[in-house]
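Student: Let me see the structure of the following:
(chains A and B)
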Amino acid sequence: MARARCLLTLALLGLLAGQLPAAHAAAPTPAAAPLSEQERALHVLNRLAYGPRPGDLEEVERMGVKRYIDQQLHPERIPLPAQLQASLAALPGLQMTPAQLFVDYGPPSFDKEGSKEEKQAARQRAPRELTPQFHMARLLQATESPRQLEEVMTEFWANHFNVFEGKEWVRYWVGDYEKNAIRPYALGNFRDLLGAVAHHPAMLYYLDNWLSSGAGTRGARGRFKGLNENYARELMELHTLGVDGGYQQADVITLARILSGWTIDVNAMKAGAAPFSFAAQRHDPSPKVFLGKPLAATGYQEGEAALDILANHPATARFISTQLVQYFVSDQPDPALVQKLSQTFLSTHGDLRAVLKTLFDSPQFWARSNYQTQFKTPYQFVVSALRASDIPVRNAKPVNGALAQFGMPLYGWLTPEGYKYSQAAWLNPDALLRRINFAGNLVNGKSPIARPEGEAPPSNADARPVDAQQLLRTLGPAVAPQTAAKILAAPENVQAGLILGSPDFMKR
Amino acid sequence: MNRRDFIRYLGAATGGAILVPVGLSGCAVAPTGDKSISRATPARLAYGSPAPRAHANGDGAPRMIVVFLRGAVDGLNVVVPHGDPEYYRARPSIAVARPGEPNGALDLTGYFGLHPALSPLLPYWESGQLAFVHASGSPDGSRSHFEAQDYMETGTPGQHTTRDGWLNRLMGYLPPSESPLQALNVGDATPRILSGHNVVANLQTGRAATRPGLIDQPRMMQAYGPLYEGDDAIAKAYRDGIAARRELMAEINSQEQQMANNGAPLPNGLSMDTARLGRLMRHDPRIRLAFLAVGGWDTHINQGNGTGQLAGRLSPLGAGLATLAHELGPAFNDTVIVVMSEFGRTFRENGNGGTDHGHGNAMWLMGGNLRGGKIYGQWPGLNQAALNEGRDLAITTDFRAVLCALSERHMRIPDRALEKIFPQYAAGSKGVPALFV
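Tutor: Residues are numbered from 1 along each chain as shown, chains lettered A, B, ... in the order given. This is a model prediction of the structure:
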């Protein structure tokens, strides 16, 4: 029986039944050979999405990759499934405004008169109640949303504009940050995205700009007494121009002065107003020259003008393009492709959809040398494993626990540069073994990920382990025939784990 | 005579001592007095016990263990300047009492004392196997935990862009080894300090360390083996991982089995991890580096003094370090344990009986061949003018000075490599007073 199933699978994989050695003997595909239709379908599902779910490969093949890409570039045209919408709507923390979150979970909710225990309990509410909701929101959308490119780009930008949930107040706002400052602009205009991030309390707090005041200004008192360069520096180094973008320390200070007074108004928030505020009495009003351009002393508008300059700068176009090529094509970006993307970026004034279209139309994106060659990050690995095995996320904690073990917890990178996407950053022996353990435990039909926290695991009789044959069909050419043959020679009950733990599945 | 020869010569002249921290930049107010030990007596191998010893001959490979106290421990309550009345004025409710008073400091030098919760470490001080570098830390002024930790782990203060950690870079300059276990991280994810392209093994903490995973089952290894037969980086990582895992599990299980057979109870908490680490390093000289992080030092409120919150954290730490030294056995003579934290805390206590993020701190050094029983570094004093920004202990020793000295003298890392391990520092180290001659 086992042999019959094995042969059946080989047949499904396009091999001749009964000729197991043929898999080994099959001639290697020439390096320059164009990708087959099935390979092209897998490629877009691996790069524009977090890997195939059951049936995805067939569907993309049927509709054609060109149409798939076009559809993904316009997420607003793809309806969200009702069930996903309902799951997201059931997360109350995700529906609250930043002001509500601050009042309900932030320091004001710490009762000054309360006992030590009461204060401690109040402090622990946000990590206990909000954090799992924000993690759940991200994971639900990454695994279930048909707008996969939007999810991929949301992760990309959230990482590009990294904030760390463990830095005090960021924890209240990280969900709103992603929902309202990142996701709506993920495929939109870069300047809009930059502006949304710059105004969001999560970023203002994370990089300390909310504390920054012009030296000697009227409002520079107490904790707001000095100029803080933190955000200004990272805004140029990490968000726009890049570290080699041609700016000087003097520009960092100037930009900090331009942004002095961009703050979070705690009192306004307590009254229910939006947290962003421009504190004119803390803004440095003296004349400024930023990146060689004199700026009119217009208070708040100086900041908008600076963001305009940064968003349309050639160094920014080059920096963002380089990162996109690294994410979508190769750890070693082809300078010609970066150049092509930069041109689109500049000529369209940062239209990200147009930049991505240039990328997806490029021969480099479709080259066999860039097919199945990128080592998945822990996040890509975990999300693609959940999708391929069709395991619903009902408890985000074990997912984030695994991500933390692999070194990539959600919103968990301390410093503003975010996670790397290269193989060098993620491939290490210990992490690889942990991925293999994760794969084996995921598919046994009893994963705690698939049931709400506190619910008992299914009995052996009720457990539904992931079916290896189905998994191989779902993944198609992602698992090479030689690998599949080796897996199918192993005991049946470990095959599904072997598929997700195989070197083939580590790549995308 | 070039520098290397000089060091070798120095080593020979002092009876094979590995670490030779002679002459300091001076610690005038903290004389070691008659507590310094005689170095004329022949070596008695003390094997990780705090018995009096002269220079015990380590005969294995030099090892270094870094213990990171995350959250910024209050160094002024660890190595207490009880000889300075300013200390008591600034900390009316959290100062550790003077030696001899209830819950008072354990006197070290007549000026400095040890927090009483660290009494398990006192014998190591007395035998000259424990030292501190006070008023040390990172030259970067950041009071952000995450930034400051990052800078200390990358070894490049002020630089956000360094990806790898100095301990990983240091690994690259150790003698080549086929062992997959050259560096061990005790904990879950590989920390920044050990991140980089050199292979690091992870030892899980607590009871989980011995819990086998799926991949430990022979049938799983058998099934996975053929999948990872290739010659690419992924296949190689798999094989390195399996080799490390096998050795670790075999070693741990045999040790703990043996202890169980002897009826010895396994220690709890931190001591469980340090006991395991110590035994692993004792039995496998190929393990040269280890890292362990201990959290919970961010005492903004209710810090306590000789007793209380901080004491409650220091107590298991002291016991854990003593366990580590003990379990290292003879390997303790080849080992330096460095305890560090991202920054110190404010000199004055705040309105909540705690301390806020400050600057200078004390680094702790333990090792069989350490020239201990001393407080190293230059003591800047605690009067208002001497404080950093009028609020924190000033820094007189860059943490990289200590790490460079240990890397060079103890780990035998060549000069040119030090410039790679601590790049900015090597480039700009002129004018930093040498800690070790």
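Student: where in chain A is pLDDT low?
Tutor: Counting by pLDDT under 70, chain A contains low-confidence ranges at A:1-28.
Student: Tell me, how many residues neighbour the residue in it positioned nearest to chain B?
Tutor: For chain A, the residue closest to chain B is A:P429, as judged by Cβ to the nearest Cβ, at 3.0 Å. Using the backbone N, CA and C atoms, a C-beta is placed for each residue, glycine as well. By the criterion of other Cβ atoms under 10 Å in any protein chain shown, A:P429 has 22 neighbours.
Student: Roughly how far does it sit from B:R63?
Tutor: With the distance defined as Cβ to Cβ, to the nearest Å, A:P429 ends up 21 Å from B:R63.
Student: Likewise for A:E234?
Tutor: Taken as Cβ to Cβ, the spacing of A:E234 relative to B:R63 amounts to 38 Å.
Student: now B:Q424, nearest residue through space, not along the chain?
Tutor: Spatially, and ignoring its direct neighbours in sequence, B:Q424 is nearest to B:T156 (5.5 Å; Cβ to Cβ, 6 or more residues apart in numbering or on different chains).
Student: Go ahead and produce CSV holding the CA coordinates of the helix or strand harbouring A:A99.
Tutor: Under the criterion DSSP states H and E, the helix or strand holding A:A99 is helix A:98-105. Extracted C-alpha coordinates of helix A:98-105, given in CSV (Å, rounded to 0.1, in the frame of the first residue of the first chain):
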residue,chain,number,x,y,z
PRO,A,98,-4.1,55.3,19.8
ALA,A,99,-5.6,57.7,22.3
GLN,A,100,-8.0,55.0,23.6
LEU,A,101,-5.1,52.5,23.8
PHE,A,102,-3.0,54.9,25.8
VAL,A,103,-5.8,55.8,28.2
ASP,A,104,-6.9,52.2,28.7
TYR,A,105,-3.5,50.5,28.8
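Student: buried stuff in the next helix-or-strand element following that helix?
Tutor: Once helix A:98-105 ends, the next helix or strand along the chain (criterion: DSSP H and E) is helix A:116-125. For helix A:116-125, the neighbour count (16 or more other Cβ atoms under 10 Å in any protein chain shown) marks A:119, A:122 as buried.
Student: For chain B, which residue gets nearest to chain A?
Tutor: Minimum separation of chain B from chain A (Cβ to the nearest Cβ) falls at B:G241, amounting to 3.0 Å.
Student: Nearest to the spatial middle of the chain, which residue is it?
Tutor: Because you didn't say which chain, this covers chain A. Per Cα atoms, centre = their mean, the C-alpha nearest to the average position across chain A is that of A:E155, at 1.5 Å.
Student: Chain B was what I was after
Tutor: B:V338 (1.9 Å).
Student: Show me which residues of the stretch 51-200 of chain A are close to chain B?
Tutor: Taking Cβ under 8 Å from any Cβ of the partner chain as the criterion, the stretch 51-200 of chain A approaches chain B at residues A:116, A:164, A:166-167.
Student: Nearest residue to A:P184 in space, please, no chain neighbours.
Tutor: Closest residue to A:P184 in three dimensions, ignoring its sequence neighbours and counting by Cβ to Cβ, 6+ apart: A:A196, at 7.6 Å.
Student: Identify the residues contacting the helix or strand encompassing the one you found?
Tutor: Per DSSP H and E, A:A196 falls inside helix A:190-199. With contact meaning Cβ atoms under 8 Å, 6 or more residues apart in numbering or on different chains, helix A:190-199 is reached by A:157, A:161, A:177, A:180-182, A:184-186, A:203-204, A:235, A:239-240, A:259, A:262, A:276, A:303-304, A:307-308, A:310-312, A:316, A:320, A:345, A:349-352.
Student: Output the longest helix belonging to chain B.
Tutor: When chain B is scanned for its longest helix (criterion: DSSP state H), the result is helix B:233-261.
Student: counting contacts, what elements does that helix pack onto?
Tutor: helix A:429-442, strand B:201-203, helix B:269-283 (3 or more Cβ pairs under 8 Å, 6 or more residues apart in numbering or on different chains; DSSP states H and E).
Student: any idea which of these is most buried?
Tutor: For those, average neighbour numbers computed from mean count of other Cβ atoms under 10 Å in any protein chain shown are highest in strand B:201-203, which has a mean of 25.
Student: Can you confirm whether that one lies near chain A?
Tutor: Yes: for strand B:201-203, a contact with chain A is found by Cβ under 8 Å from any Cβ, at B:201-202.
Student: and the helix or strand just after that strand, does that touch chain A?
Tutor: Towards the C-terminus, the helix or strand next in line after strand B:201-203, according to DSSP H and E, is helix B:218-224. Yes: using Cβ under 8 Å from any Cβ, helix B:218-224 reaches chain A at B:219-220, B:223-224.
Student: Equivalent analysis for stretch B:141-153, please.
Tutor: Yes: applying Cβ under 8 Å from any Cβ, one finds stretch B:141-153 in contact with chain A at B:144, B:146-147, B:149-150.
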